[in-house]
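> when you get a sec, could you give me coordinates for this:
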Amino acid sequence: MTTTTTYNISETMNSTVNFTGFPWAAEDPVYVIVRRTQTVLLPIIIVVGIIGNSLAVGSFLSKSLRKTSCCLYLGAKSVSDIGFLVSLFIFFLLRVHVTLLNHQGVCQVTVFLIYFCPFLSIWLVVVITFENCIRISQPALVSTICTTAVAKRVIVGYVVVGLVVYNFPFWTTRIVNGQCASATELEHIQRAFTYMDTFLTLVFPLIIMLILVPLVAISALSAFKRKKRLVQGQKRVKKNKKAAASPEAQVTRMLFAVSVVFFVLHTPSHAIRIKEMIIYMSYSKMPTYQDQIMQRIFELIYYLDFCVSLVVYLIFGRNFRKVFVKQYFQRCRGKSQSMPFVQNCSSSCADSEIFTKKARQ
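The predicted structure is shown next:
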């Protein structure tokens, strides 16, 4: 009989759900507490995340925001986050003995989404960071690069790459003895894809953002000082207020928030995955007790990234907040006046371009 490896309900990586490789897991009190905590918190994270991202999609695709490239990227990210949370919910159902996952078709699609959606979300964050860098450091390229046409092509490109790279669950995953599993003869293939996923969703994005974020910070600071000099030269009474509310400052705050959320919530889970991968490849050793405990904790932190996005947008995205309130809390007023602005969700495209023209004078 073929030996199989079933997918863990709380991991994006494949491992044994019955802990045959970790006989201590079922009885260790600390591990049991951590897993029970996961069981309680996961459905809350999933429900809040699906609702929050659905509301965010509605705002980003509204008439006043969908005209900007960044909002298209963030809208696509919200859809991707919903896909991940839905697949995570199907995995979670195994813990409450609902075996929806163990059906042909559902098994393959769910495992595919658990890989594909995080890949898409992470790289959309990277391209948003890159676009903000262009807006601040190379304003002359904004009209060429930061357009909805380019955004649509980039999003389609990411989707195509993701489909090509992460289609392996459709041919390595099957229903074996009533369980969603991958056969042992294909385990080496799946492990290779898992290692590749680690590089695609952590190493490469991390390196790129470590380069882009300092560039954005330096460029934003320079732009802010330049704007301040212009305002002072005009000798306006409200110069300090205008300087503080500059689009460049808004870009910096939003970018900083997105970057911090990305690093803080993603890095711990991926870091321990890299550690386990290196140890296994070098010494063929399984994860230690401490590593397993930490991995479960870091998984919860990782999952938070897919449900807190709406909060980040509302706190740091002034224009998004206005559109959100108008769309969901002011419908009773009927037709209101059209928005006097069409801005980037994290910054004002229009204001940035106006500022650029002034800076050139």
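> mind checking pLDDT for residue 24?
We have a pLDDT of 53 for residue 24.
> to clarify, my last question referred to residue 289.
75.
> going by length in residues, pull out the top helix of this protein.
helix 247-283 (DSSP state H).
> packing partners of that one?
Helices and strands touching helix 247-283, by 3 or more CB pairs under 8 Å, 6 or more residues apart in numbering; DSSP states H and E, are helix 106-137, helix 187-198, helix 204-234, helix 289-304, helix 309-316, helix 349-360. Bear in mind the C-beta positions are built from the backbone N, C-alpha and C, glycine included.
> now the shortest one: how far from the chain's centre is it?
What it means is helix 309-316. 13 Å (CA atoms, centre = their mean, to the nearest Å).
> let me see the mean pLDDT of it.
Across helix 309-316, pLDDT averages out at 90.
> picking that back up, so which of the helices and strands packed on helix 247-283 gets nearest residue 93?
With CB to CB as the criterion, residue 93 lies closest to helix 106-137 of those, at 10.1 Å.
> between helix 289-304 and the closest one, find me the angle.
Angle between the axes of helix 106-137 and helix 289-304 is 70 degrees (criterion: axes from the mean of the first three to the mean of the last three CA atoms, to 10 degrees).
> toward the C-terminus, what is the element adjacent to helix 106-137?
Proceeding N to C from helix 106-137, the next assigned helix or strand is helix 142-145, under DSSP states H and E.
> now that next one, how far from the chain's geometric center?
Distance of helix 142-145 from its chain centroid, counting by CA atoms, centre = their mean, is 24 Å.
> number of residues surrounding residue 98?
Residue 98: 11 surrounding residues under other CB atoms under 10 Å.
> wait, a helix at it?
No - assigned with DSSP: H, G, I helix; E, B strand; the rest coil, residue 98 falls outside any helix and is coil.
> let me see the confidence value for it.
89.
> state the phi and psi torsions of it.
Backbone torsions of residue 98, given as degrees, to the nearest 10, read phi -110, psi 110.
> from residue 90, how far off is it?
9 Å (CB to CB, to the nearest Å).
> end to end on stretch 84-98, go ahead and measure it.
This stretch, stretch 84-98, spans 19 Å end to end (CA to CA, to the nearest Å).
> now find how far off-centre that stretch is within its chain.
Chain-centre distance of stretch 84-98: 20 Å, with CA atoms, centre = their mean.
> what comes up buried for it?
84, 85, 86, 87, 88, 89, 90, 91, 92, 94, 95 (16 or more other CB atoms under 10 Å).
> what about the stretch 201-350 of the chain, any weak spots by pLDDT?
Flagging of the stretch 201-350 of the chain using pLDDT under 70 yields the residue ranges 224, 227-255, 331-350.
> if we go to 80?
The model of the stretch 201-350 of the chain has pLDDT under 80 over residues 213, 216-217, 219-260, 263, 267, 270-271, 273-278, 280-290, 330-350.
> now the longest helix of the chain and helix 106-137, what's the angle there?
Using the same axes, to 10 degrees: helix 247-283 against helix 106-137 is 130 degrees.
> return the distance of helix 247-283 from the chain's centre.
Using CA atoms, centre = their mean, the mean C-alpha position of helix 247-283 is found 10 Å from that of the whole chain.
> just stretch 135-153 next, same as before
With CA atoms, centre = their mean, you get 21 Å for stretch 135-153.
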